[in-house]
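Enquirer: Sequence first, then the predicted structure, then my questions.
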Amino acid sequence: MERLTTFEELRAYAGAAPRPLGLVPTMGAVHAGHMSLVERSSRECAATVATLFVNPAQFDDKGDFARYPRDAEGDLAALAAAGADAVFTPPEREVYPAGFATWVRMGGPALPLEGAARPGHFDGVATIVAKLLIGALPDAAYFGQKDGQQVAVVRRLVADLGLSVRVVAAPTVREADGLALSSRNGLLNAEQRRGAAALHRALQAGAAALGEGAGAAEAACRAVLAKEPQVSAVDYVALVDQATMAPWSGQGEAMLAAAVRVGSVRLIDNLLMSAD
Ligand code: AMP
């Protein structure tokens, strides 16, 4: 696996790589969810570049950035094992050079849910994703449905900037009890970890109630969360259109999304569903 640390190296690698080229952006703390994206890219593409950069611009909470798990050597080994041909690990100054002043400001699908709870988060995501897509000009870019709003934001970004890349949303990888794999799960103690499984159970209960309408789906989801003592707060439960993140109108693919706090750890998850 080649290691690239500058945009010049990324461009040179991508320019010479066999096509199609797949790109898999990550912030490290690599787990089986990230690895499933790399594996899928390496099945579908002739070459795969994974990126590993803990992007300070997408953390609205600086404590969260400081606490974010970092294990560069473990991450590199995991990405190589999953089939990455190259990994781009730029230092912060490469991504945000002195005097940096150019931001992608996202509206539309970036505004509700995570966008409302975490001001500036999606501008940070969109800016780094735009830089990576422009740097590598991949044929396909792989993202996890776990961050369903991020998928909608990236699709909007690609359409609006006129980029020529296929955005692939890969299914969420879960633990046996349904908890979505996340780098934040490691911050939970044993009791919190058990309680965190209520998030997926709640979304399933919401999905089962969708036949009775959007309100019933959200209420069923909230009812399960309310019963779990380890869930200390519910930031939101919302049934939205998968592409726009606006409240679901009853047409097209819906996404039931929720964000909760378990202790001081914030967890998000979602399920895609349709009325029929
Ligand atoms: P992150 O490092 O958290 O920014 O995640 C990098 C990519 O992995 C994003 O596209 C995430 O949506 C995706 N991802 C994170 N967790 C999972 C999971 N449990 N299953 C599938 N993809 C995931």
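Expert: Noted; the coordinates are in hand.
Enquirer: Any idea how many residues pack against residue 237?
Expert: 22 (other C-beta atoms under 10 Å). Any C-beta I mention is one placed from the backbone N, CA and C, and that applies to glycine too.
Enquirer: next one: phi and psi at residue 271?
Expert: phi -130, psi 140 (degrees, to the nearest 10).
Enquirer: Tell me who's in contact with the closest residue to it other than its chain neighbours.
Expert: Setting aside the residues directly before and after it, residue 271 is nearest to residue 203 in space (C-beta to C-beta, 6 or more residues apart in numbering), at 4.6 Å. The contact partners of residue 203, by C-beta atoms under 8 Å, 6 or more residues apart in numbering, come to 221, 256, 258, 269, 270, 271.
Enquirer: Could you check the pLDDT of residue 203?
Expert: Looking at residue 203, its pLDDT is 98.
Enquirer: quick one: what helix or strand has it in it?
Expert: Element membership of residue 203, judged by DSSP states H and E, is helix 198-208.
Enquirer: Pull out the buried positions in that helix.
Expert: Within helix 198-208, the residues that count as buried by 16 or more other C-beta atoms under 10 Å are 198, 199, 200, 201, 202, 203, 204, 205, 206, 207.
Enquirer: does any bit of it sit next to the ligand?
Expert: No: Helix 198-208 does not reach the ligand (C-beta under 6 Å from any ligand atom); its nearest approach is 10.9 Å.
Enquirer: Tell me the helix or strand right after that helix.
Expert: Of the helices and strands lying after helix 198-208 in sequence (DSSP H and E), the nearest is helix 214-226.
Enquirer: quick one: residue 29 is in a strand?
Expert: No: with DSSP: H, G, I helix; E, B strand; the rest coil as the criterion, residue 29 is assigned coil and is not in a strand.
Enquirer: So for it, what's the pLDDT?
Expert: 94.
Enquirer: same deal with residue 70?
Expert: pLDDT recorded at residue 70 is 88.
Enquirer: That one and residue 52 touch, don't they?
Expert: No: using C-beta atoms under 8 Å, residue 70 is not in contact with residue 52; the gap is 9.7 Å.
Enquirer: Now the closest residue to residue 222 other than its chain neighbours. Its backbone dihedrals?
Expert: Spatial nearest neighbour of residue 222, chain neighbours left out: residue 237 (5.3 Å); criterion: C-beta to C-beta, 6+ apart. The phi/psi pair for residue 237 (degrees, to the nearest 10) reads phi -130, psi 120.
Enquirer: now residue 108
Expert: Dihedral angles of residue 108 (phi, psi; degrees, to the nearest 10) stand at phi 50, psi -120.
Enquirer: For it, give me its contacts.
Expert: Contact analysis of residue 108 by C-beta under 8 Å, 6+ apart lists 156, 244, 245.
Enquirer: Show the contacting residues for the most centrally placed residue in the chain.
Expert: Nearest residue to the geometric centre of the chain (C-alpha atoms, centre = their mean): residue 147, 3.6 Å. By C-beta under 8 Å, 6+ apart, the contact set of residue 147 is residue 268.
Enquirer: sec struct for it, please.
Expert: Residue 147 ends up helix, using three-state DSSP.
Enquirer: quick one: it and the ligand, what's the gap?
Expert: Using C-beta to the nearest ligand atom, to the nearest Å, residue 147 is found at 4 Å from the ligand.
Enquirer: Over to residue 200?
Expert: 11 Å.
Enquirer: now that residue, nearest residue through space, not along the chain?
Expert: Nearest non-adjacent residue to residue 200, counting by C-beta to C-beta, 6+ apart: residue 178, 3.3 Å away.
Enquirer: What count of nearby residues applies to that neighbour?
Expert: The tally of other residues near residue 178 (other C-beta under 10 Å) stands at 17.
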